[in-house]
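give me a model of this one.
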Amino acid sequence: MLISPPFLLPDPPSEETLLEEGLKQPGSREATTSAPEGNYPLSQLLMWHTGIHLSAPNGKAPKKLPVSAIADGTVIFIQNQRFFLPGTSAQKGDGQTYNPFGDKPSWCDNGMVIIEHTTDIGASGNTPTKVTYYSYYYHMGNIHPCCTVGKKIYRKEEIGTPGKIYGNDGQLEMGSHYWGDPTLRDSHGKIIDLNPKIKPKIWFPRFDPSIIHVNSYNACDSGGFCWVSKPHSGEININRVADRPFFSNEIGRVSVLVNGGNFGYFSRQAYAQYIARLLSDDTETAKKKTFDSARNNINIEVDFTIPQ
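Residues are numbered from 1 along each chain as shown. Next up is the predicted model:
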């Protein structure tokens, strides 16, 4: 089965350009980190995230390129976008105005299409071995009128337009997951019931929010995996930064890589200084000391009094 990116340049100079432009993520909104926005499986504020954000290349001005199906398949779900009412603006508290970068509400479109794909991956004797996987396209704007549930869709066929994510136009969230089909279908492929022989599948504990919320072992496993697999500045693993000399700049860099934003930045600077005095050979005895936070010319005062 052939697979294409969801955004297709009309005349790409090379296959490399086609893939780079068709799968480009939005740039980072944090001046102190190069981590792209909308990662998988964790995004801003270490929240569970099911796909990656993509930025549509420019089409015929002023429009962005449309969203296309990545492979042949069948549409199994559609959610039409809920648009702004004329004359209104994003209101804080609305589920579609979540903004991880600040308090100002920013609109996210919620149009969605899910496509089921089935292909042969070999055979056992004369019996083909098939695999089923699903691609989903979220934060879409308009969904193409010919894209309806049950319709056969072909690779590169337009299914709609990219929408807004955090108030930015021309973006899309994309995901592709293998998940065994739990349904019973008739000879025409129509869903008639759930298959009682197939047990419901669960996410691996490392990524299951309901598990890491209550299980300390899996929570540490999830955090450790995120730590050692985090991409940054052309490298992978936050230890590449944590192993550098102990300075405020490096503490701040680790804080941003762990958190993805400003939340807890100054507290982490203070805790790091406190722990460093306890664990190092530092002979300083002052109960309070002021340090440069390495951000916005702000200093922090650390109380080194040992709790009783």
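
which SSE is Asp221 in?
helix 216-229 (DSSP states H and E).

can you classify the closest residue to Gly122 other than its chain neighbours as helix, strand or coil?
Residue nearest to Gly122 in three dimensions, not counting chain neighbours: Thr129, with 4.8 Å by Cβ to Cβ, 6 or more residues apart in numbering. Placement of C-beta: from N, CA and C, glycine included. With DSSP: H, G, I helix; E, B strand; the rest coil as the basis, Thr129 sits in strand.

residues contacting Thr305?
Lys287 (Cβ atoms under 8 Å, 6 or more residues apart in numbering).

re the thing from before, packing partners for the helix holding Asp221?
Packing contacts for helix 216-229, counted by 3 or more Cβ pairs under 8 Å, 6 or more residues apart in numbering; DSSP states H and E, involve helix 209-212.

quick one: mean pLDDT for the helix it packs on?
Regarding helix 209-212, the rounded mean pLDDT is 72.

likewise for stretch 102-109?
Per-residue pLDDT over stretch 102-109 has a mean of 81.

now stretch 162-179
Mean per-residue pLDDT for stretch 162-179: 80.

report the buried residues of that stretch.
Pro162, Gly163, Lys164, Ile165, Tyr166, Asn168, Asp169, Gly170, Gln171, Leu172, Glu173, Met174 (16 or more other Cβ atoms under 10 Å).

roughly how far apart are Gly122 and Tyr133?
Counting by Cβ to Cβ, to the nearest Å, the gap from Gly122 to Tyr133 is 15 Å.

what is Arg185 paired to in the beta sheet?
Under DSSP bridges, the beta-bridge partners of Arg185 are Ile191.

from Asp193, how far off is it?
9 Å.

neighbour count winner among those two?
More neighbours surround Arg185 than the other of Arg185 and Asp193, with 12 against 9 (other Cβ atoms under 10 Å).

does Glu162 lie in a helix or a strand, and which?
Not Glu; residue 162 is Pro. For Pro162, the host element (DSSP H and E) is strand 158-165.
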